[in-house]
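Participant: let me see the structure of the following:
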Amino acid sequence: MHVAPMQSPTPRWTLVSLRPRGGHDSLRRAAARHGGGLVALSPWQLQDRDDAASRTALQRALSADAVVFTSPAAVRAAARLQALPAMVACAVGSGTAAALRRAGVAEVRVPGRMDTEGLLNLPELAASAAGRIGLVTAPGGRGALQPALEQRGIEVLRADVYERVPVALPRRAVDALRDAPRPPVLALTSGEALQQVMGQLPADALDALRTATVIAASERLAAIAREAGFERVRIARSPRPADLVAAACGPDGGRVPVA
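Facilitator: Take a look at the predicted model:
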């Protein structure tokens, strides 16, 4: 007897992700648990820096009193350049902290508030405690962090161990945004990514994106969304996929986002 294959249910709402190419799986799974589908609008892909200058900068950064890693990608790129030594490592969030522990780093500090402001509140980054701070990141990453540390009189040893290489938005993803149920939900974890995507989208697809309810990972990103013309903006508890989707679905955990 022939058995027809199971058909995937049609998603009841759409989450738009601006994460780098290949980095959408966790958001896709989180949305699917609440009946949502995902449109992956990657404005760039991540590429390691593997040259003598990057290696030297990383060695200097890792010699500091404490070392800040701004993303899981920064941890992975650094670990590919060299084995990470014993150190006090400060992670911007739980994902970065988990990547550090997988890389063998035992002393990891994570702020309660997973953003730049939360990092700056860590005791290890106070002016009285820190002489030199290593910063392992990418060009453009956590742009407010280094100036804030330097204003405290802290010497920052920066190592850009990977970079974001701009890529064209996938045509299929742009078409999916046009056809998505309205309004979509935009998971916003990077202001630079939003700028890149809005600059690439054709007018009709940009109009579709502007109808979105924005779920921002921080108050700073919420302000960026409002300045970009988005009218419905909510703030998630953290940048973690589960928290972004939970903020989209409302306090009752409903399976369709609330406006």
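Participant: those helices in the stretch 51-200 of the chain, which residues are they?
Facilitator: 52-62, 72-81, 94-102, 116-120, 145-151, 171-179, 191-200 (DSSP state H, counting those that start in this stretch).
Participant: so for the first one, what gets flagged as buried?
Facilitator: By neighbour count, and taking 16 or more other CB atoms under 10 Å as the criterion, the buried residues in helix 52-62 are Ser54, Ala57, Leu58, Ala61, Leu62. C-betas here are computed from N, CA, C, even on glycine.
Participant: for the third one, give its distance to Leu206.
Facilitator: For Leu58, the distance to Leu206 equals 39 Å [CB to CB, to the nearest Å].
Participant: cool, the fourth one as well?
Facilitator: With distances taken as CB to CB, Ala61 is found 39 Å from Leu206.
Participant: kindly report the same for the last one.
Facilitator: To Leu206, Leu62 is 42 Å away according to CB to CB.
Participant: again, but for Arg102
Facilitator: On the measure of CB to CB, Arg102 and Leu206 end up 39 Å apart.
Participant: list the contacts of the residue nearest to Pro166 when sequence neighbours are not counted.
Facilitator: Distance criterion CB to CB, 6 or more residues apart in numbering; nearest residue to Pro166, sequence neighbours excluded, is Trp44 at 5.0 Å. Counting by CB atoms under 8 Å, 6 or more residues apart in numbering, Trp44 touches Pro20, Arg21, Arg164, Val165, Pro166, Val167, Ala193, Gln196.
Participant: buried only: go through those for me.
Facilitator: Pro20, Arg164, Ala193, Gln196.
Participant: for the chain, just list every one of the strands.
Facilitator: Assigned by DSSP state E, the strands in the chain fall at 13-17, 36-40, 44-48, 66-69, 88-91, 107-109, 132-137, 155-160, 162-166, 185-188, 213-216, 232-235.
Participant: just checking: what are the partner strands of the second one?
Facilitator: Read it as strand 36-40. strand 13-17 (parallel) (DSSP bridges).
Participant: isn't Ser63 right next to Gly134, touching?
Facilitator: Yes: at 7.3 Å, Ser63 and Gly134 qualify as touching, with contact defined as CB atoms under 8 Å.
Participant: burial measure for Pro72, as a count.
Facilitator: 21 (other CB atoms under 10 Å).
Participant: wait, Leu244 sits on Ala30?
Facilitator: Yes: here Leu244 reaches Ala30: they are 7.1 Å apart, a contact under CB under 8 Å.
Participant: neighbour-wise, which of these two wins?
Facilitator: A direct count of neighbours by other CB under 10 Å for Leu244 and Ala30 places Leu244 higher, at 28 against 21.
Participant: how near is that one to Pro72?
Facilitator: Leu244 is 16 Å from Pro72, by CB to CB.
Participant: repeat for Gln82
Facilitator: Where Pro72 is concerned, Gln82 sits at a distance of 17 Å (CB to CB).
Participant: related to what we said a few turns ago, which one's more surrounded, Arg102 and Leu206?
Facilitator: A direct count of neighbours by other CB under 10 Å for Arg102 and Leu206 places Leu206 higher, at 16 against 12.
Participant: got a pLDDT number for the closest residue to the more buried one other than its chain neighbours?
Facilitator: Excluding the flanking residues, the one nearest Leu206 by CB to CB, 6+ apart is Met198, at 6.2 Å. With respect to pLDDT, Met198 has a value of 97.
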